[in-house]
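>>> turn this into a model:
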Amino acid sequence: MNPLLRTLLRSAIRRGSLNVKWADGSRTVIGDGDGRTANLNFHARAAEWAVLRNPELGIGEAYMAGELDFAPGRAIDFLLLVNDNWQGRRPSPWMEFVARLRYLKRRAVQHNDLFRARRNVAHHYDLDERLYRLFLDRDMQYSCAYFETPETGLDEAQWAKKRHIAAKLLLGPDMDVLDIGSGWGGLGLSIAEMTGARVTGVTLSSEQHRVSRERAVEAGLSGRVSFELRDYRRLDRTFDRIVSVGMFEHVGVGHYPEFFATCARLLKPDGVMLLHAIGRTEGPGATNPWVVKYIFPGGYTPALSEVLPAIERSRLIVTDIEILRLHYAETLKAWRERFMAHWDEAAAIYDERFCRMWEFYLAGSEMAFRSGDMMVFQIQMAHRQDAVPLTRDYIGLAERALEDVRDRGESLRLAGE
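Model (predicted):
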């Protein structure tokens, strides 16, 4: 038993039950027994000391190395128990000091110039396509879905997300649309198919670029949808509509003025833009050190108080803001459950260490959205006040029209001919 770590855990876990098995075989039960139950089993004394030195980094690293586990439960059980106890509590002076240091270093960590942006994207998005197909929906949407009912499945929720975004963009036939951070191509292909718009998608991921181009050919849309392996900052023409989903988290807080100034330059005077991104509800902060090291180097999820001033300086007008609260928690739950069901296949592509890392990433993310301070925001922007209707009624009307078109198996372009 590590008495210092036991003291730390007792101070952290007061509600619920944490069953700890130490590397020497001894056991300790921590908490008042009222609430969640989780397990933490140490297999090496080194793991106990690693967690004591830096819990935010040490728990994930020790789990990846196989030096601790959460059996008979899973990582999500432990993380939710910790977060239940963390909410509303003031961190210790030492933890506040460490958090302050991370905050002061964040601009350097998030300095995503043209070279580092490409390298950081490759770290996560150039993983084998087969891995993502194990847990994403059929359209390979790797961003927050839109669950209209508790019974909605992942595929339907991802379609609803694309429909919701398309409605806010006020799309029409033959519009030129820019998709910044176009992922696996599903959104751009859906927009072109639904509305008859022309779509240009840009990505820094070689793997996503390859798959997107293949999908455009297979769908017979390569004449209307093009995908480019290019940084958005290097584009030199204007568009009627701009959409960006799940890319802004990789921009970095120091590059927000550059991002919105570039978008303002690329958006036509009567154009509309929609930004869909992860944010935080508790004000500016810094990214979890384990996430920065293993999952999203250079990544950061901002508070709206960090985003809106940059938009204002770009002279774009905010025409609508919507907050999606638990939608990403449900998305991540579906991804985590699908990934766990395909664990052996993922291990065959990579290895067991990778699978433990990926589980911890998905579980930690789900916890952050379910009971932490993470949310998703959609910000609609324009150059002109009259670029969108006076009321939000048009969004629901457009969604119903898109749903009708989908039910008929048509495109809006064809429906209007």
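>>> hey, where'd the strands end up in the stretch 51-200 of the chain?
68-69, 176-180, 198-203 (DSSP state E, counting those that start in this stretch).
>>> nearest to Phe259 among those would be which one?
strand 176-180 (8.8 Å; CB to CB). In this view, the C-beta of every residue, glycine as well, is placed from N, C-alpha and C.
>>> from the chain's centre, how far out does that closest one sit?
On the basis of CA atoms, centre = their mean, to the nearest Å, strand 176-180 sits 20 Å off its chain's mean C-alpha point.
>>> pLDDT of it, averaged?
Mean pLDDT, strand 176-180: 98.
>>> residues near the closest residue in space to Gly186 that isn't next to it in sequence, how many?
Of all residues not flanking Gly186 in the chain, Asp139 sits nearest, at 3.9 Å (CB to CB, 6 or more residues apart in numbering). Neighbours of Asp139 under the rule other CB atoms under 10 Å: 19.
>>> state the phi and psi torsions of Asp139.
Main-chain torsions, Asp139, degrees, to the nearest 10: phi -90, psi 0.
>>> now do it against Leu154, distance only.
Separation of Asp139 from Leu154 (CB to CB, to the nearest Å) stands at 10 Å.
>>> now Met374
Met374 is 19 Å from Leu154, where distance means CB to CB.
>>> cool, Ser143 as well?
For Ser143, the distance to Leu154 - CB to CB - is 12 Å.
>>> ok, Asp404 next?
Shown here: Asp404 relative to Leu154, a distance of 23 Å by CB to CB.
>>> again with Leu136
Counting by CB to CB, the gap from Leu136 to Leu154 is 8 Å.
>>> with Leu4 instead?
In terms of CB to CB, Leu4 sits 43 Å off from Leu154.
>>> quick one, what contacts the residue nearest to Met247 when sequence neighbours are not counted?
Nearest residue to Met247, sequence neighbours excluded (CB to CB, 6+ apart): Gly181, at 2.5 Å. Neighbouring residues of Gly181 by CB atoms under 8 Å, 6 or more residues apart in numbering: Val202, Thr203, Tyr232, Ser244, Val245, Gly246, Met247, Phe248, His250.
>>> so which of those residues comes closest to Ala44?
Using CB to CB, the contacts of Gly181 come closest to Ala44 at His250, 34.5 Å.
>>> pLDDT value on that closest one, please?
His250 carries a pLDDT value of 95.
>>> below-threshold pLDDT in this structure: ranges please.
Along the chain, segments meeting pLDDT under 70 span 88-95, 97-98, 103-106, 410-417.
>>> could I get the full set of helices for the stretch 151-300 of the chain?
Secondary structure of the stretch 151-300 of the chain (DSSP state H, counting those that start in this stretch): helices at 154-169, 186-195, 206-218, 256-266, 289-294.
>>> on that earlier part again, taking the contacts of Gly181 one by one, which sit in strands?
Mapping the contacts of Gly181 onto strands (DSSP state E) picks out Val202, Thr203, Ser244, Val245.
>>> hmm, back to that, looking at Leu4 and Leu154, which is more packed in?
Taking neighbours as other CB under 10 Å, Leu4 and Leu154 compare with Leu154 leading, 21 against 11.
>>> once you drop chain neighbours, what's closest to the more buried one?
Nearest to Leu154 is Ala334, by CB to CB, 6+ apart, at 4.4 Å.
>>> list the contacts of that neighbour.
Ala334 sits next to Ala145, Gly153, Leu154 when contact means CB under 8 Å, 6+ apart.
>>> with Ala264 instead?
Ala264 touches Ser314, Arg315, Leu316, His383, counting by CB under 8 Å, 6+ apart.
>>> kindly report the same for Gly283.
Ala303, Ser305.
>>> who are the packing partners of the lengthiest helix in the chain?
In the chain, assigned by DSSP state H, the helix with the most residues is helix 352-371. Counting contacts by 3 or more CB pairs under 8 Å, 6 or more residues apart in numbering; DSSP states H and E, helix 352-371 packs against helix 55-64, helix 75-86, helix 289-294, helix 327-341, helix 343-349, strand 374-382.
>>> the last one pairs with which strands, and in what direction?
Strand 374-382 has these partner strands in its sheet, going by DSSP bridges: strand 267-280 (antiparallel), strand 317-324 (antiparallel).
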